[in-house]
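> let me see the structure of the following:
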Amino acid sequence: MTVKQLRAFLAVAQTLSFTQACERLHLSQPALSLAIKGLEDSLGGKLLIRSTRSVRLTPEGESLLPLAKHLLAQWDNTEERLRQRFTLQLGRLSVAAMPSFACNLLPSALVKFRQQYPKINVTVHDVINEEVTDMVRSRQVEIGIAFSPEGQGSLSFTPLFEDQFVAVVPPTSPLAHRDTLPWTQLLENDFITLQRPSMVRRLLEQELGKRHIDLPVAFESHQLSTVGRMVAEGLGVSAVPSMCIQQMHELGARCVPLVEPSIACRVGILTQEELSVAAHALRSVLLESVKAPSLPIDA
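You can find the predicted model right below:
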């Protein structure tokens, strides 16, 4: 049983005329008759009784009529919805992003995406870096934004930018007016950082450990916003990726480029090989609009 056969049956059943059905479907009478015969053969019996003067439905044809209407309506609706998805007139997309990106850089990219594709709804999961990778791998989301994974396996990683770590200091500290700041001077102060298993914490410990520099942690928190407020209130200092600069300034802290060593990490897009049309569109917007953050001149 095919959609073409059902359309042929429905047209004849509704008009009770092969001539009118042919006009509605733009088919020749032989083609229409062949479609009806194919449907009857596949179902195993007569659906229409046709004479030289009239057409009427058999009892089986009467029972098929409401089902045919329903099936074709569902088919047309499905076809239209898929067409809308392929043309980005309708759809839903899930994205996972580490909090530092979700809070600071993702909103402006989503504004551009919404302007171009207003009918695509987006769900954002702001989760720690490791969970971003897990959610993409398990196909809970189509797109993830995270630091470059150590072992990406079957996932594809497309770099967005190289992010440099910056010092976060109280606004009243003499360090706030420095052009650059060595790690040794920063760590003369109480250090505030994210709790494990934060990727930010792990990157700092790994890179400083290579240079035999210990990270003397005085305060820990799960949230970057809490770290920023602690620093702003004078409890200590911290170090965060430069994509968090605006957030730290809004919380009242100040940021200074870090040197000796300069620590950097790649931020990018994690995906599976196959993406929906909507996911491809968001990926393109991210690649076009997300740039490496820079330290404000008045920082």
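
> give me the helices and strands touching the one helix or strand residue 280 maps to, please.
Assigned by DSSP states H and E, residue 280 belongs to helix 277-289. If you count contacts as 3 or more C-beta pairs under 8 Å, 6 or more residues apart in numbering; DSSP states H and E, helix 277-289 packs onto helix 59-86, strand 91-97, helix 106-116, strand 120-126, strand 143-147, strand 156-169, strand 264-271. For every residue, glycine as well, the C-beta is placed using N, CA and C.

> got TSV for these, with mean pLDDT, mean neighbour count and distance to residue 40 too?
Formatted as TSV, these follow (pLDDT from 0 to 100; neighbours: other C-beta atoms under 10 Å; distance: least, C-beta to C-beta, whole Å):
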stretch	mean pLDDT	mean neighbour count	distance to residue 40
helix 59-86	85	13	9
strand 91-97	89	21	40
helix 106-116	94	15	50
strand 120-126	90	16	44
strand 143-147	93	26	49
strand 156-169	93	20	51
strand 264-271	92	20	49
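
> to residue 180, which of the ones you listed lies closest?
Closest approach to residue 180 among these is made by strand 156-169 (9.0 Å; C-beta to C-beta).

> mind giving me the packing neighbours of the closest one?
If contacts are counted by 3+ C-beta pairs under 8 Å, 6+ apart, strand 156-169 sits against helix 224-232, strand 238-241, strand 254-259, strand 264-271, helix 277-289.

> next helix or strand past it?
Once strand 156-169 ends, the next helix or strand along the chain (criterion: DSSP H and E) is strand 181-182.

> buried stuff in the helix or strand following that next one?
Counting by DSSP H and E, the next helix or strand C-terminal to strand 181-182 is helix 183-186. For helix 183-186, a neighbour-count test (16 or more other C-beta atoms under 10 Å) marks 183, 186 as buried.

> what about the least confident helix or strand in the chain by mean pLDDT, distance to the chain center?
Evaluated with mean pLDDT, DSSP states H and E, the helix-and-strand set of the chain has its lowest mean pLDDT in helix 59-86, which scores a mean of 85. On the basis of C-alpha atoms, centre = their mean, to the nearest Å, helix 59-86 is displaced by 31 Å from the centre of the chain it belongs to.

> flag the shaky bits of the chain, pLDDT-wise.
Using pLDDT under 70 as the threshold, the predicted model of the chain has low-confidence ranges 151-152, 295-299.

> dig out what the residue most central in space within it forms beta bridges with.
Nearest residue to the geometric centre of the chain (C-alpha atoms, centre = their mean): residue 95, 3.0 Å. Going by DSSP bridges, residue 95 is paired in beta bridges with residue 124, residue 143.

> mind listing what it touches?
With C-beta atoms under 8 Å, 6 or more residues apart in numbering as the criterion, the residues that contact residue 95 are 106, 122-125, 141-145, 282.

> 7 Å instead, please
With contacts defined as C-beta atoms under 7 Å, 6 or more residues apart in numbering, the neighbours of residue 95 are 122, 124-125, 141, 143.

> now swap in residue 253 and tell me
Residues counted as contacts of residue 253 (C-beta under 7 Å, 6+ apart) are 168-171, 228, 231-232.

> cutoff 6 Å now
By C-beta atoms under 6 Å, 6 or more residues apart in numbering, residue 253 lies in contact with 168, 228, 231-232.

> now, among those, which is nearest to residue 134?
When the contacts of residue 253 are compared for distance to residue 134 (C-beta to C-beta), residue 228 comes out closest, at 26.9 Å.
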